[in-house]
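S.K.: sequence? don't have it. structure:
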């Protein structure tokens, strides 16, 4: 034991230098990780509306085909959180209205806005600078509206026209035949008999002869 102990010892003796360096390194690593996390914590906001300014709520909005998704709120606005710097393709997944696509570029923090966007009415169209205040271009129509039944549309139906002709023939043909004399009736029967023979019909059409073989003698 020390023969001359200090009556007032220091309650906080000098720490080990190695311990101090390790603690400083740990604090620096924590600060670097926090700064890196803060740099990747970016957000992008926009809104959906109709041409008259009416907000469009409850519509799903996606980045890069569903890598990030969000939904428009009651006021039509939407926000993507925790985005890293990069380029994103924004799609509005509405089943009722057609909205533009947008290409969003998120930059590392610095002067000015940390993101900008270009809007495309359809893929391949010319882009224009956008603040993602997206307006619906037109309502989507997946099915053609069925026309109401009318007499004019019935007359355009070919099956109905054929049925009218057949009914007319059945109705007026007996009367026409009743007014014919016997010679006309006989000629008509002969023509109908020829029409029932496909060979004679094609022969008359293509000039292959329609008479009997005895006519050549």
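M.R.: Arrived safely. Remember, predicted model here, so these are calculated numbers, not experimental data.
S.K.: going forward, measure contacts and count neighbours with C-alpha atoms only.
M.R.: OK.
S.K.: contacts only, for residue 79.
M.R.: Listed by CA atoms under 8 Å, 6 or more residues apart in numbering, the contact set of residue 79 reads 43-46, 70.
S.K.: going along the chain, name the strands of the protein.
M.R.: Taking DSSP state E as the criterion, the chain carries its strands at 42-49, 60-63, 68-71, 77-83, 86-93, 97-98, 101-106, 115-120, 128-130, 133-135, 138-139.
S.K.: contacting residues for the nearest residue to residue 51 once chain neighbours are set aside?
M.R.: Distance criterion CA to CA, 6 or more residues apart in numbering; nearest residue to residue 51, sequence neighbours excluded, is residue 135 at 5.9 Å. Applying CA under 8 Å, 6+ apart to residue 135 gives the contacts 48-51, 99-100.
S.K.: quick one on the thing from earlier: which of the contacts of residue 79 has the most neighbours?
M.R.: residue 44 (19 neighbours; other CA atoms under 10 Å).
S.K.: partner residues bridging residue 48?
M.R.: residue 134 (DSSP bridges).
S.K.: and stretch 27-46, average pLDDT?
M.R.: Average pLDDT, stretch 27-46: 67.
S.K.: nope, stretch 59-68 is what I meant
M.R.: Across stretch 59-68, pLDDT averages out at 95.
S.K.: list the buried residues in it.
M.R.: Residues of stretch 59-68 classed as buried by neighbour count (16 or more other CA atoms under 10 Å): 59-63.
S.K.: okay, and the helix or strand of this protein with the least pLDDT?
M.R.: In the chain, the helix or strand scored least confidently by mean pLDDT, DSSP states H and E is helix 198-205, which has a mean of 58.
S.K.: show me what contacts residue 68?
M.R.: 62, 80.
S.K.: what does residue 189 give?
M.R.: Residue 189 touches nothing, counting by CA under 8 Å, 6+ apart.
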